[in-house]
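*Asks:* structure, please.
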Amino acid sequence: MSKSEKAPKSIKGTKTEQNIVDAYISETQAYARYMFYAKQAGKENYFPLQEVFTETADNELHHAKVYLKMLEGGTLNCNIPVDAIPAKDTITNLEISIHEEGDEAVKTYLAAAATAKEEGFSEIAEHFTAIASVEKHHMERFQKYLDRIKAGTLWKREKPITWKCLVCGYEFVGKEPPKACPGCDHPYQHFMPEDME
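*Replies:* Presented below is the predicted three-dimensional model:
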């Protein structure tokens, strides 16, 4: 390291370090929770939502990795509660997910970003802010699914859209997916609506 280069500022003992530890554990819990929820969605024939929960779990796992790489080693204590709610029906799981992503993740990460900035960790603040935006997207997408399931319109639209079979990739344009996929004979519950991103 040349004289002009400075070693990165250590996070040891800072509020930012604690926020990162808490975020790492929170994301790890979220990964497990969404994998449980994905299995439940599949049991209830909500196959598009099974895909969404699995994708969200994968996002959370990558967030956990980002936070873990920020830590400088050692044994650290965590200051967050442990989720002790087993997976229930998909509607309940969506309600829990919306709360977790919004009230917990978005607000917590934006506050952590502000703290990191105050403590002189601008790059860490950027990561917290960026990941908060992902969690906000998760929350909004979960809300769309919850609203559609409660209204009985997950597989119904007022105007034609594209529906894609999650099994064989067949695409269909209409107000509803076909009752069975012409490509692989799987029932309509296997069709992903294009407008749910």
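
*Asks:* for the protein, which segments count as helices?
*Replies:* Taking DSSP state H as the test, the helices found in the chain are 15-43, 47-70, 90-99, 107-118, 122-151.

*Asks:* out of those helices, nearest to Asp83?
*Replies:* Asp83 sits nearest to helix 15-43 of all these, at 5.3 Å, using Cβ to Cβ. C-beta coordinates here come from the backbone N, C-alpha and C atoms, glycine included.

*Asks:* residues of that closest one that come out buried?
*Replies:* 16-31, 33-38, 40-42 (16 or more other Cβ atoms under 10 Å).

*Asks:* which neighbouring elements make contact with that helix?
*Replies:* Judged by 3 or more Cβ pairs under 8 Å, 6 or more residues apart in numbering; DSSP states H and E, helix 15-43 is in contact with helix 47-70, helix 90-99, helix 107-118, helix 122-151.

*Asks:* roughly how far out does that helix sit from the chain middle?
*Replies:* Distance of helix 15-43 from the chain centroid (Cα atoms, centre = their mean, to the nearest Å) equals 9 Å.

*Asks:* same check, this time on stretch 132-152
*Replies:* Taking Cα atoms, centre = their mean, one finds stretch 132-152 lying 10 Å from the centre of the chain it belongs to.
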